[in-house]
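Colleague: Sequence first, then the predicted structure:
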Amino acid sequence: MPRPPVRLILIAAVVLLAVVALGFALVRAASHDEPPPAPIAGPAAVSSPGRCGAVPARAARELRGMWLTTVMNIDWPSRPGLPEARVRAEYLRWLDLAVAQRHNAIFVHVRPSGDAFWPSDHAPWSEWLTGKRDGRSPGWDPMAFMVAEAHARNLEFHAWFNPYRGTQPGPSGPGADFAKLAPNHPLLKHRDWAIAYPDGERARLYFDPGNPDARRFVEEAMLEAVREYDVDGVHFDDFFYPYPEGGGNTFDDDASFGRRPDKSLNRDQWRRDNVNTLVREMSERIKQLKPWVKFGISPFGIWRNKATDPAGSDSRGLESYDSIYADTRTWVREGWLDYVVPQLYWAIGFDKADYAKVLPWWSKLVAGTGVQLYIGQGDYRVGEKGPWREPDQLERQLSLNDTYGVQGSVHFSAKQIRADRLGAVTRYRTRHYAAPALLPTMNRLPARPPIAPRTTGARHADGGVSVEWQAGGGGEPVSWALYRVDGPAANLVATGRVGSGKVVDPAPPAGGATYCLSALDRSGNESALSNPVTAASAG
C-alpha cells in the first residue's frame, strides 16, 4: 500500500506504468466506460443484526481508511525531530480527520526503511521521527500511543511495514553509505545481507530477499511489533525487489542466487519464490502469534497483461510478476492474505491501465478465495492534467467499486484527503461515506459475538442523544453500533469502542427518536439488537 515523491515523479513521466510504480506503490486503473448510475451511498455490502422494534436495521459493511506516511515526513510527523507533544498533537489531528471522513481504519507507516517507530531490538529509531541517525530513543513509545488513540476512536490500526528496504537514497537518506547508518543498524553487523541499488547517488540499501537469514531477521523485526502491540493488521505495500531502473543498473544478488538449493530455478522464478516465501511465512507466523490480526498487501495494480498471459488483465503497463517478482495472484489464490489492496491509481479511460478494466480483473481474482478486496485510491492525483482535473473522478471510481463488490478503499495519502483538491474528497464523502460503516467480517478470523446488550434509557445531552446500556453476556464486547429508527428502517448512526466514552448519537433529529444497540467482538462479528429505547423530543 503506499508511496514516496519518487513515485509521483515517475507517474508524471508516463514513460511506462513502471514509472507509476516507483513512487509509493500507489497506482490504479480505471475504464473509459462511464459507470452506470448508482444509488447514493451504495456500499459493497449491507448487513442487518435484526429488527429494532418493528423495523429492520441496516448498516454498510466496508473498510474505509487512509495511509499515513512517515517516510520523508510526507504526512506525519510534519518534520523530523519535533518535540513529543507536537508529534502527538499532529497524530491526533490525523485521527480527527479520519473520524470526520467516517473512516474506520488507519494504515500507519511504522517501518519505512529498516527503521522503527517503536523501541525495537531489530531496528534503529526512525530518523523521520527523531531527526537523527544515532539510534537513540526519543524517550517515549509512539506505537503504544498510536494504537491506543486509534482504538479510542474505534479505528482499526494497521501497522504498515516495508520489509526489505534498508535505507532511503541520499541526500535526504543515508543512501548506500554504511558510514551514515545508525550505530545499531543491522546491516552494519550483517553487511552480507545488504545489496545497494541502483548505482550512483540515488542508491539505497536493501536486505537481500534471497538470503534466508536476512529474510528471517526481517520477519522477526516485524513480528516484534505484533507481539508487543495490540495492532489489528500487518500491512505491506509493493516494495519487495526494487522497481527496475534501467541504464545498466543491476540488483546484484549473485551470491545468494549461487547458493540456491534448487539449481534448476532461473533467477526470475527464484526471486518470485523468495517473495512468496516471505508472504507465506508472515501469514503463518502472524496467525500462530495472534490469530485475530489481519495480514494484507497493497501491490502494484497489474499482475500481468493479457498480451503476455491470457490470465492477465486488459492492460498494457508494467507487470509486477515479471518486473518486481511479485506474484500477487498466487498470494490471493493460496489464501496467504486476509485482504489485498491493489493500487489502482489510474483514471477511468487511461489507455495503458483503465480503472474500469483492471478493477474487474481483481474482483474476479478474489471471488471464492475468502480474501477481501479493497482498492487503493489515488487521491494524490486529483488536480493533475487530463481526467484527474474532473472533481468526480474518485467519486465515479467508488461507484464502480460498489458495482464489482469491492469491500473497501484505502486512500493515498492522508494529506491529500485533508487538502481536498477540487472538492473531490467532499464529493465522494457525501455520496459514499455519508453514514458510518462497520468493518467487513472475515470468516477466517476468530469469532465470539456478544449476546445482545440491554438498553436502559436515552436522553438528550450536549446536542446529542446519550444511550445507557448494559452488556448482555457471552463474548466480551469490544465495540458498539448504534441504530436509529428513520422511517421504514433503523440505520447505523454511530459506532464506538467500549470503555472509550458514552454511546451517543451526535446528530439526532429535532423530535424524539428510537434507538437500538448492538455489541461487536474483536473481529467485527455483531450481536443481535437490544431492546428499543426512545429519547423524547429535546424541547
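Modeller: Good, I have the coordinates. Residues are numbered from 1 along each chain as shown.

Colleague: lowest-pLDDT helix or strand in this protein?
Modeller: helix 17-22 (a mean of 35; mean pLDDT, DSSP states H and E).

Colleague: Following element in sequence after that one, please.
Modeller: As assigned by DSSP states H and E, the chain's next helix or strand after helix 17-22 is strand 46-47.

Colleague: State the three-state secondary structure for the closest residue to E84 other than its chain neighbours.
Modeller: Using Cβ to Cβ, 6 or more residues apart in numbering and skipping the chain neighbours, the partner closest in space to E84 is W140 (5.3 Å). No exception for glycine: its C-beta is placed from N, CA and C like everyone else's. When classified by DSSP: H, G, I helix; E, B strand; the rest coil, W140 comes out as coil.

Colleague: Straight-line length of stretch 447-467, end to end?
Modeller: End-to-end distance of stretch 447-467: 26 Å, with Cα to Cα, to the nearest Å as the criterion.

Colleague: now swap in stretch 223-242 and tell me
Modeller: In stretch 223-242, first residue to last residue: 23 Å (Cα to Cα).

Colleague: Repeat that for stretch 241-257.
Modeller: Stretch 241-257 has its terminal residues 14 Å apart, counting by Cα to Cα.

Colleague: other SSEs contacting the longest helix along the chain?
Modeller: Ordering each helix of the chain by length in residues (DSSP state H) puts helix 267-289 first. Using 3 or more Cβ pairs under 8 Å, 6 or more residues apart in numbering; DSSP states H and E, the elements in contact with helix 267-289 are helix 212-228, strand 294-297, helix 328-333.

Colleague: could you redo the last one with a cut-off of 10 Å?
Modeller: Contacts defined by 3 or more Cβ pairs under 10 Å, 6 or more residues apart in numbering; DSSP states H and E place helix 267-289 against helix 212-228, strand 233-236, helix 254-258, strand 294-297, helix 320-323, helix 328-333.

Colleague: what distance separates the fourth one from the middle of the whole chain?
Modeller: Looking back up the chat, that one is strand 294-297. Relative to its parent chain, strand 294-297 has a centroid offset of 8 Å by Cα atoms, centre = their mean, to the nearest Å.

Colleague: elements contacting that strand?
Modeller: Secondary-structure packing of strand 294-297 (3+ Cβ pairs under 10 Å, 6+ apart): strand 156-161, strand 233-236, helix 267-289, helix 328-333, strand 339-340.

Colleague: Provide the strand pairings for it, with the direction of each partner.
Modeller: Sheet pairing of strand 294-297 (DSSP bridges) gives strand 233-236 (parallel), strand 339-340 (parallel).

Colleague: Could you save these as a markdown table and add columns showing distance to M72 and mean pLDDT?
Modeller: Formatted as a markdown table, those follow (distance: least, Cβ to Cβ, whole Å; pLDDT from 0 to 100):
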| stretch | distance to M72 | mean pLDDT |
| --- | --- | --- |
| strand 233-236 | 19 | 98 |
| strand 339-340 | 26 | 98 |
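
Colleague: Compare these and give me the one nearest D462.
Modeller: Smallest distance to D462 across the strands paired with strand 294-297 (Cβ to Cβ): 33.6 Å, for strand 233-236.

Colleague: Give the other helices and strands that the helix or strand that contains Q397 contacts.
Modeller: Counting by DSSP H and E, the element that carries Q397 is helix 393-403. Other helices and strands packing on helix 393-403, by 3+ Cβ pairs under 10 Å, 6+ apart, are helix 355-366, strand 375-377, strand 408-411, helix 424-432.

Colleague: ok and that helix relative to helix 355-366, angle-wise?
Modeller: 30 degrees (axes from the mean of the first three to the mean of the last three Cα atoms, to 10 degrees).

Colleague: Nearest residue to the middle of the chain?
Modeller: For the chain, the residue nearest the mean C-alpha position is F107 (4.6 Å; Cα atoms, centre = their mean).

Colleague: so that one sits in a strand?
Modeller: Yes - counting by three-state DSSP, F107 is located in a strand.

Colleague: give me every residue that touches it.
Modeller: Counting by Cβ atoms under 10 Å, 6 or more residues apart in numbering, F107 touches 1-2, 65-69, 156-160, 233, 235, 237, 296, 298, 341, 376, 410-414.

Colleague: what bits of the stretch 251-400 of the chain have low per-residue confidence?
Modeller: Along the stretch 251-400 of the chain, no part satisfies pLDDT under 70.

Colleague: Which positions in stretch 402-419 come out as buried?
Modeller: Within stretch 402-419, the residues scored as buried using 16 or more other Cβ atoms under 10 Å are 402-404, 406-418.

Colleague: any idea how far S409 is from L520?
Modeller: In this view, L520 and S409 are 21 Å apart by Cβ to Cβ, to the nearest Å.

Colleague: Could you do G511 as well?
Modeller: For G511, the distance to S409 (Cβ to Cβ) stands at 35 Å.

Colleague: repeat for K290
Modeller: For K290, the distance to S409 - Cβ to Cβ - is 25 Å.

Colleague: do the same with P124
Modeller: On the measure of Cβ to Cβ, P124 and S409 end up 34 Å apart.

Colleague: One more: V503?
Modeller: Counting by Cβ to Cβ, the gap from V503 to S409 is 27 Å.

Colleague: just L482 next, same as before
Modeller: In terms of Cβ to Cβ, L482 sits 24 Å off from S409.

Colleague: and if you look at P198?
Modeller: Applying Cβ to Cβ to P198 and S409 gives a distance of 33 Å.

Colleague: Next: L265.
Modeller: With distances taken as Cβ to Cβ, L265 is found 37 Å from S409.

Colleague: got it, and E245?
Modeller: Look at E245 and S409: by Cβ to Cβ, they are 31 Å apart.

Colleague: again, but for A535
Modeller: For A535, the distance to S409 - Cβ to Cβ - is 34 Å.

Colleague: residue ranges with poor pLDDT in the protein?
Modeller: For the chain (pLDDT under 70), the answer is 1-44, 539.

Colleague: Swap in 50 and give it another go.
Modeller: Within the chain, the stretches with pLDDT under 50 are 1, 3-42.

Colleague: how about stretch 207-219: buried residues?
Modeller: F207, D208, P209, G210, N211, A214, R215, F217, V218, E219.

Colleague: Please apply the same query to stretch 473-490.
Modeller: Buried, per 16+ other Cβ under 10 Å, within stretch 473-490: G475, P477, V478, S479, W480, A481, L482, Y483, R484, V485, A490.
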